[in-house]
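Chemist: here is my input, please return the structure:
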Amino acid sequence: MQLNHDQLHQLLALLGDSDIQELKLEGDDFRLEVRRNLPGVAAAAAVQAAAAPPQALPLPAAAAPLPATPSAPPPPAAASRGDLLEVTAPMVATFYRAAAPGEPPFVEVGARIKVGQTVCILEAMKLMNELESEVGGEVVEILVENGTPVEFGQVLMRVRPA
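Modeler: A predicted model of the protein is given here:
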């Protein structure tokens, strides 16, 4: 069985619209596991108030190959500040501050952002996912270096709401 990029994208879209919670698929040269609806995951961007309790939101289908070795634990998060909102990674991915090498970053510390504005790109399985802000305000901290792998739920930046 062969599965190209377009077929994988269509499969994930179909699974996202279905009630299927878990799928395992094996081919001659690949193995795919898809799981969704994990507690505390936001579909577009995981921006939560530091003092607010996490909410269970639906997760779009996301595919990940089985790891050959156990993954390392997520890096420790910096101390949380109650007056700031945290932008967290909604998936395991690689964090990019700009759309391409040599281009200016989407945001800098001190920048004013609006709801829906792209704040970074998260690359997962060669797919570039724009992370959009769910709040407006001032970027106070950017906690991740460009090109760094991030874990699900890891704090990427903090925003002082407007």
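
Chemist: tell me the buried residues in stretch 151-162?
Modeler: Neighbour-count burial for stretch 151-162 flags Glu151, Phe152, Gly153, Gln154, Val155, Leu156, Met157, Arg158, Val159 (criterion: 16 or more other CB atoms under 10 Å). Glycine gets a C-beta too; all of them are placed from N, C-alpha and C.

Chemist: my guess is the second one contacts Leu122. True?
Modeler: Spelled out, that is Phe152. No: using CB atoms under 8 Å, Phe152 is not in contact with Leu122; the gap is 10.5 Å.

Chemist: that older thread, could the buried residues of stretch 151-162 go into a markdown table alongside pLDDT and secondary structure?
Modeler: Converted to a markdown table, these look like this (pLDDT from 0 to 100; DSSP: H, G, I helix; E, B strand; the rest coil):
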| residue | pLDDT | secondary structure |
| --- | --- | --- |
| Glu151 | 94 | coil |
| Phe152 | 92 | coil |
| Gly153 | 91 | coil |
| Gln154 | 93 | coil |
| Val155 | 92 | strand |
| Leu156 | 94 | strand |
| Met157 | 93 | strand |
| Arg158 | 93 | strand |
| Val159 | 94 | strand |
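
Chemist: can you redo the residues you listed as JSON lines with distance to Val87?
Modeler: Formatted as JSON lines, the buried residues of stretch 151-162 follow (distance: CB to CB, whole Å):
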{"residue": "Glu151", "distance to Val87": "14"}
{"residue": "Phe152", "distance to Val87": "13"}
{"residue": "Gly153", "distance to Val87": "11"}
{"residue": "Gln154", "distance to Val87": "10"}
{"residue": "Val155", "distance to Val87": "7"}
{"residue": "Leu156", "distance to Val87": "5"}
{"residue": "Met157", "distance to Val87": "5"}
{"residue": "Arg158", "distance to Val87": "7"}
{"residue": "Val159", "distance to Val87": "6"}
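
Chemist: then Leu14 would be within a strand, right?
Modeler: No: counting by DSSP: H, G, I helix; E, B strand; the rest coil, Leu14 falls outside a strand, being helix.

Chemist: and it, how many neighbours?
Modeler: When counting by other CB atoms under 10 Å, one arrives at 11 neighbours for Leu14.
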